[in-house]
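A.B. asks: This is a predicted model, with the sequence first.
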Amino acid sequence: MDPGRRPGSRSRMPNRIARRPEGGKMTKNRGPEFRQGDWVESVNALGKGLGDDGRSMISLDPNVVMAAAVENTGLSDFGDDDWFVEPLYALCKALELTLLGRVMARHEVQLLLQNRLRIEDTLKKNPHILDEPIENPIFVCGLGRSGTTVLHELLSEDPAHRVPQLWEMRHSVPPPETATYGSDARIGVADREIALLDKIDLDFSTMHINAGDKPNECIFLFGLQFLGDFFLGQYNVPSFIMATATKDLTPVYAYHKKVLQLLQWKHPGERWVLKCPAHLARLDFLFKVYPDARIVVTHRDPLRVMSSMSNLTTHLKAMRSEVPNAEGDMWAAAFGEKMLLDEYMALRDKLTDKADQIIDLRYQDLMKDALSTVRTIYTHWGLPFSDETQQRVRAYIDSHPQGQHGRHKYSFDDTGFDLAEERTKFAAYQERFDVPSEV
């Protein structure tokens, strides 16, 4: 694909929220409080001094970014599948950022493009990689804060399971190898990349813990196709939503599978265990590519987690933009939860032939007895739950008490919504999956 195939453009949006003061002081603006590193305002002031927030310094023209990726890698083939092109251009047009935000966005977009170039080059030189079998993968999905992360990490304790780590999804080539998997230099590279977030937002670690060698969401693989999910939680880009809202996502899952085949080529496992909340509403596309997939869905009171997810989203956007909209993020979280759960219920009614491949679990049961909940999954599909795996799961539980990294405080009261009205919206979901109310 030609990296210069379309011109890029950007739109200007007015600032709606004033910047926070220096010194890591706390202010409150239509939602969550922020404590930013003292240096952030100083960096962004450089862009303000130019009068364009750094647009003339850091280009996000997709043609420019694609050309830079080509120059950096010495490669030029982004693959025969050009599904990613339209959302890439839509994203770059929608971004409205501070100077620091532009640096972060440019890095993210260019890194994805460079990774894609290297993946395509590796597959071209080693076409047999696409013969790698992906059998009975397990996908964990559910609303944010419903236990998907802890369940994913508990399942990763089984030595038979292949779980994608952050570093290998961000820097996939050369493909990881078993002999050096735990010591690969790219782990440190990924650690340093994500460490910036904690330096920008001083409270971010209480909301989200990450590390280069930590099991992570396969949403990073969606980023290679520039699917909206990967960016919507980090950037204030409402116009970008429609770029992929009605598209057939089968090519996205097909590319997802290609990358898994590459990652397991020299470091295989018995089965993949993957996690991403967005799978919840896309099981039809997922099953087209992974017909023997096994789906684990976690369930929790949507009203309990609503403010937590909107708070996290607003923090992520505030790192990059001067136009975060806490009120809008709250409405988006409420709408998004309702849409995801309604679509999941509709898909369950539609995919009756896949009923045995889906298991529903409650957050309360996972928190009360994680070992028994994990055992339920193994029993449901007749998988061996070895003594070694049980010991490793127990060790994980003992070493990961809730709140060990600080508490992310959130409450339904923060939403400003009417409790009875919102409860009515989710009544059918809670009744169907026996989800207890927590507020």
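C.D. replies: Here it is on my side, so go on. Because the structure is a prediction, the values reported are computed rather than measured.

A.B. asks: Relative to Arg170, how far out is the nearest residue to Arg106 once chain neighbours are set aside?
C.D. replies: What sits nearest to Arg106 in space, not counting adjacent residues and going by Cβ to Cβ, 6 or more residues apart in numbering, is Ile58, at 5.2 Å. Glycine gets a C-beta too; all of them are placed from N, C-alpha and C. Here Ile58 is placed at a distance of 20 Å from Arg170 (Cβ to Cβ, to the nearest Å).

A.B. asks: Now do the residue nearest to Arg106 against Gln114, distance only.
C.D. replies: Ile58 is 17 Å from Gln114, where distance means Cβ to Cβ.

A.B. asks: Just the buried residues of stretch 183-200, please?
C.D. replies: Neighbour-count burial for stretch 183-200, counted by 16 or more other Cβ atoms under 10 Å, picks out 184, 186-187, 190-191, 193-194, 197, 200.

A.B. asks: quick check, nearest of the residues you listed to Glu270?
C.D. replies: Using Cβ to Cβ, Asp184 comes nearest to Glu270 of the buried residues of stretch 183-200, at 21.4 Å.

A.B. asks: Is the closest one in contact with Pro176, as I believe?
C.D. replies: Yes. Using Cβ atoms under 8 Å, Asp184 is in contact with Pro176, at 6.4 Å.

A.B. asks: Between these two, which contacts overlap?
C.D. replies: Contact with both Asp184 and Pro176 is made by residues Glu168, according to Cβ atoms under 8 Å, 6 or more residues apart in numbering.

A.B. asks: In the beta-sheet assignment, what are the partners of Gln36?
C.D. replies: Beta-bridge pairing for Gln36 (DSSP bridges): Asp201.

A.B. asks: that older thread, where's the residue nearest to Arg106, which helix or strand?
C.D. replies: Counting by DSSP states H and E, no helix or strand carries Ile58.

A.B. asks: Contacts only, for Leu280.
C.D. replies: 141-143, 297, 340-341, 343-344.

A.B. asks: Just confirm the residue nearest to Arg106 contacts Gly101, I think it does.
C.D. replies: No. Taking Cβ under 8 Å as the definition, Ile58 is not a contact partner of Gly101, at 9.4 Å.

A.B. asks: rewinding a little: determine which two of the contacts of Leu280 are furthest apart.
C.D. replies: Farthest pair in those (Cβ to Cβ) is Gly142 and Glu343. Separation: 13.2 Å.

A.B. asks: These two: who's more crowded?
C.D. replies: For Gly142 versus Glu343, neighbours defined as other Cβ atoms under 10 Å are more numerous around Gly142 (26 against 15).

A.B. asks: shouldn't the more buried one be in contact with Val305?
C.D. replies: No. Applying Cβ under 8 Å, one finds Gly142 not in contact with Val305, separated by 9.7 Å.

A.B. asks: Okay, helices next: where are they in the stretch 1-150 of the chain?
C.D. replies: 38-50, 62-73, 85-94, 99-125, 148-155 (DSSP state H, counting those that start in this stretch).

A.B. asks: actually the stretch 151-300 of the chain, not the one I wrote
C.D. replies: Counting by DSSP H, counting those that start in this stretch, the stretch 151-300 of the chain has helices at residues 166-170, 185-200, 219-223, 229-232, 250-264, 283-289.

A.B. asks: what ranges do the strands span in this structure?
C.D. replies: Along the chain, counting by DSSP state E, strands occupy 27-28, 33-34, 138-142, 161-162, 271-275, 294-299, 358-362.

A.B. asks: Which one of these lies nearest to Asn236?
C.D. replies: Evaluated over these, closeness to Asn236 peaks at strand 33-34, with 14.7 Å, by Cβ to Cβ.

A.B. asks: what about Leu111, distance to Ser146?
C.D. replies: For Leu111, the distance to Ser146 equals 29 Å [Cβ to Cβ].

A.B. asks: Kindly apply the preceding question to Glu422 instead.
C.D. replies: Noted for Glu422: a distance of 17 Å to Ser146, by Cβ to Cβ.

A.B. asks: Who has more neighbours out of the two?
C.D. replies: Ser146 (26 against 19).

A.B. asks: which residues sit in contact with the more buried one?
C.D. replies: Contacts for Ser146 were tallied using Cβ under 8 Å, 6+ apart; they are 298-300, 305, 363.

A.B. asks: ok, and the closest non-adjacent residue to it?
C.D. replies: Sequence neighbours aside, Arg300 is the residue nearest to Ser146 in space, at 3.8 Å (criterion: Cβ to Cβ, 6+ apart).

A.B. asks: Kindly report the same for Thr389.
C.D. replies: Closest residue in space to Thr389, ignoring its immediate chain neighbours: Asp158 at 4.5 Å, by Cβ to Cβ, 6+ apart.

A.B. asks: Noted, bye for now.
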